[in-house]
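Chemist: next comes the sequence, and after it the predicted model I'd like to discuss.
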Amino acid sequence: MRYIAVFSLIVSWCLFSQSARAELSIEITQGVASAIPISVVPLEWKGAQALPESIGDIVRSDLDRSGHFTSLSPNDMLSHPTTVADVYYRDWRLLKQDYVIIGRIAQTGDRYEVSYQLIDVINEKEMLAQVLTGTVNQLRDIAHKMSDSVYEHLTGIRGAFSTKIAYVTTNPQRTEFNLSIADADGERERVILTSKHSIFSPAWSPDGKQLAYAMLEDTGSKVFIQDIASGKKEMVSSSKGLNSAPSFSPDGKKLALVLSKDGNPEIYTLELATRKWTRITKHYGIDTEPSWMPDGENIVFTSGRSGKPQIYRVNIKTGFLERLTFEGHYNARARLAQDGRFLVLVHQAERGGDFHIASLDLSRGLLQVLTADTYLDESPSVSPNGVMVMYAAKYKDRSILAAVSVDGDVKFLVPSKLGDVREPAWGPYLN
């Protein structure tokens, strides 16, 4: 029964067939009907050798993946201008393009300078101009920064293309588990932890420098915090029974997690500096899957106290508790968007039905199911700009990652090129 699987943290959560050293790929399945036509012209480069990264291709892929833009292939462009003076607006209007991105790449020593402009075709004017610099290994970072700037300039929403994701994979024999991080587009994967024990529930620190996670060792589950740069890890919880579902507070000073040391799974907080524990919930129903609200004073969590899994909110100072979900047979694994308005969760409409990702508008109390093409959806994680939700799912008999916008308009799949992948956690902004 799904209730038992979630609340008892059965090992099978983490033991679907997955592939070590998996590389993720993006398959866009749905964008908004009013997607903005934009052309990313290949950036001029006069170096003797080809660059290891195509900045134009990366920007084009980023904007396409957002679902809010549709880009024109360079092969279909009538010209490849590199300066504003070279832009013939009539040609771009003929191609029905609203915006054009042009640019140049220059090298000085071991530094690369990328200058680009965003051109408004309809009004025939430059909208944005930037110069970005970096080493050859930072060309992909530069491309993502370009995408972030263009996206924010045209939508008014901060881009999240420069952020990271964390996820868990394992080999087909289920004898080696890996905690990996990658760019938001699945590229530049890096395994930061390999273990014979299953790893689950990775959670980013607010500064993006650490990951907390639970590990099911031979003696039971334990919670660790690992420094990403150095690889150093520290065990922070190993009490008798369950130690699971860590979640950093918005200021990074506390962890919320689930312990069953007193008999029943309950929500606790841990002050990381003093190692002071505080019990937050006390009920005979199972309480699990805590997640902090942006105010740092409230925690949302899953509880079976009503007889079936539903989402509750508790104030850690006053103890005031309220139920947030009422629609559907099952609601669990809730995560808040940064604006605190949308709650994203795993939803089952009726007993025996599929599990899908849904969003709950807390201001209006409206619940919207976001996914339908996948099934057994779980582990939703919201992008730091609150626009997209990445989650784990079953699709064509494979365990994959997938993403959907909080309004359901944009969807894409993130399968591994080599195997299966699970437990996504979308990282924060790094600046």
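Modeler: Arrived safely. Numbering: from 1, shown residues only.
Chemist: contacts and neighbour counts: CA atoms only from here.
Modeler: Fine.
Chemist: what's the local residue count around residue 241?
Modeler: Residues near residue 241, counting by other C-alpha atoms under 10 Å, number 18.
Chemist: mind checking the SS state of it?
Modeler: Of the three states, residue 241 takes coil according to DSSP: H, G, I helix; E, B strand; the rest coil.
Chemist: what's the answer for residue 140, then?
Modeler: Going by three-state DSSP: residue 140 is helix.
Chemist: look up the pLDDT of residue 413 for me, please.
Modeler: Per-residue confidence at residue 413 stands at 82 (pLDDT).
Chemist: ditto for residue 171
Modeler: Residue 171 is assigned a pLDDT of 76 by the prediction.
Chemist: residue 19 now?
Modeler: Per-residue confidence (pLDDT) for residue 19: 35.
Chemist: what about the closest residue to residue 303 other than its chain neighbours, how many residues nearby?
Modeler: Nearest in space to residue 303, with sequence neighbours left out and distances taken as C-alpha to C-alpha, 6 or more residues apart in numbering, is residue 287 at 4.4 Å. Residue 287 has 26 neighbouring residues, counting by other C-alpha under 10 Å.
Chemist: for residue 287, what are phi and psi?
Modeler: phi -110, psi 130 (degrees, to the nearest 10).
Chemist: wait, it sits on residue 265?
Modeler: Yes: between residue 287 and residue 265 there is a contact under C-alpha atoms under 8 Å: 5.7 Å.
Chemist: give me the common contacts of those two.
Modeler: Common contact partners of residue 287 and residue 265 (C-alpha atoms under 8 Å, 6 or more residues apart in numbering): residue 258.
Chemist: does residue 361 touch residue 342 like I think?
Modeler: Yes: in this structure residue 361 lies within contact range of residue 342 using C-alpha under 8 Å: 4.8 Å.
Chemist: neighbour count winner among the two?
Modeler: residue 342 (25 against 15).
Chemist: who are the contact partners of the more buried one?
Modeler: Contacts of residue 342 by C-alpha under 8 Å, 6+ apart are 336, 359-362, 406.
Chemist: if we use 7 Å, what do you get?
Modeler: 336, 359-362 (C-alpha atoms under 7 Å, 6 or more residues apart in numbering).
Chemist: which residue packs closest to residue 383, ignoring adjacent ones?
Modeler: residue 426 (5.7 Å).
Chemist: neighbours of the one you found, how many?
Modeler: 27.
Chemist: distance of residue 187 from residue 365?
Modeler: Separation of residue 187 from residue 365 (C-alpha to C-alpha, to the nearest Å): 37 Å.
Chemist: ok, residue 183 next?
Modeler: Counting by C-alpha to C-alpha, the gap from residue 183 to residue 365 is 34 Å.
Chemist: please say which of these two ends up with more neighbours.
Modeler: Legend: neighbour count by other C-alpha under 10 Å for residue 183 and residue 365, higher for residue 183 (21 against 13).
Chemist: spatially nearest residue to the more buried one (excluding sequence neighbours)?
Modeler: That would be residue 164: by C-alpha to C-alpha, 6+ apart, it lies 4.5 Å from residue 183.
Chemist: report how many residues lie close to that neighbour.
Modeler: 24.
Chemist: mind listing what it touches?
Modeler: Applying C-alpha under 7 Å, 6+ apart, we find residue 164 in contact with 181-184, 426-427.
Chemist: take those and keep only those in strands.
Modeler: The members of the contacts of residue 164 that map onto strands under DSSP state E are 181-183, 426.
Chemist: which of those residues lies closest to residue 401?
Modeler: Closest approach to residue 401 among the ones in strands among the contacts of residue 164 (C-alpha to C-alpha): residue 426, at 11.6 Å.
Chemist: was I right to think that closest one contacts residue 165?
Modeler: Yes: with contacts counted by C-alpha atoms under 7 Å, residue 426 reaches residue 165, the gap being 4.5 Å.
Chemist: poorly predicted segments of the stretch 1-150 of the chain, please.
Modeler: Counting by pLDDT under 70, the stretch 1-150 of the chain contains low-confidence ranges at 1-23, 25-28, 31-33.
Chemist: try it again at 50.
Modeler: Across the stretch 1-150 of the chain, the ranges flagged by pLDDT under 50 are 1-22.
Chemist: all helices for it, in order.
Modeler: Using DSSP state H, counting those that start in this stretch, the helices assigned to the stretch 1-150 of the chain run over residues 2-7, 55-66, 89-94, 139-155.
Chemist: contacting residues around the last one?
Modeler: Contacts made with helix 139-155 from outside it, assessed by C-alpha under 7 Å, 6+ apart, are listed as 53, 55, 58-59, 62-63, 132, 158-162.
Chemist: that helix vs helix 55-66, what angle?
Modeler: Helix 139-155 and helix 55-66 are oriented at 50 degrees to each other (axes from the mean of the first three to the mean of the last three C-alpha atoms, to 10 degrees).
Chemist: check the offset of the helix or strand just after helix 139-155 from the chain's centre.
Modeler: Where DSSP states H and E defines the elements, the next helix or strand beyond helix 139-155 is strand 164-170. Remark: strand 164-170 is offset 10 Å from the chain centroid, using C-alpha atoms, centre = their mean, to the nearest Å.
Chemist: same check on stretch 239-247?
Modeler: For stretch 239-247, the distance to the chain centre is 23 Å (C-alpha atoms, centre = their mean).
Chemist: same deal with stretch 375-384?
Modeler: On C-alpha atoms, centre = their mean, the centre of stretch 375-384 falls 8 Å from that of its chain.
Chemist: for it, give the mean pLDDT please.
Modeler: Mean pLDDT, stretch 375-384: 92.
Chemist: do stretch 279-293 as well
Modeler: Summarised as a single mean, pLDDT over stretch 279-293 is 94.
Chemist: that stretch: end-to-end distance?
Modeler: Terminal-residue distance, stretch 279-293 (C-alpha to C-alpha): 17 Å.
Chemist: could you do stretch 197-213 as well?
Modeler: End-to-end span of stretch 197-213 (C-alpha to C-alpha): 12 Å.
Chemist: which parts of it are buried?
Modeler: Buried residues in stretch 197-213, counted by 16 or more other C-alpha atoms under 10 Å: 197-206, 208, 210-213.
Chemist: closest one of the residues you listed to residue 95?
Modeler: residue 208 (41.7 Å).
Chemist: and the closest one, what is it in contact with?
Modeler: When contacts are taken as C-alpha under 7 Å, 6+ apart, residue 208 is in contact with 427-428, 430.
Chemist: could you dump the residues you listed to JSON lines with distance to residue 91, pLDDT and neighbour count?
Modeler: What follows is these, written out as JSON lines (distance: C-alpha to C-alpha, whole Å; pLDDT from 0 to 100; neighbours: other C-alpha atoms under 10 Å):
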{"residue": "427", "distance to residue 91": "41", "pLDDT": "97", "neighbour count": "28"}
{"residue": "428", "distance to residue 91": "40", "pLDDT": "96", "neighbour count": "21"}
{"residue": "430", "distance to residue 91": "40", "pLDDT": "88", "neighbour count": "11"}
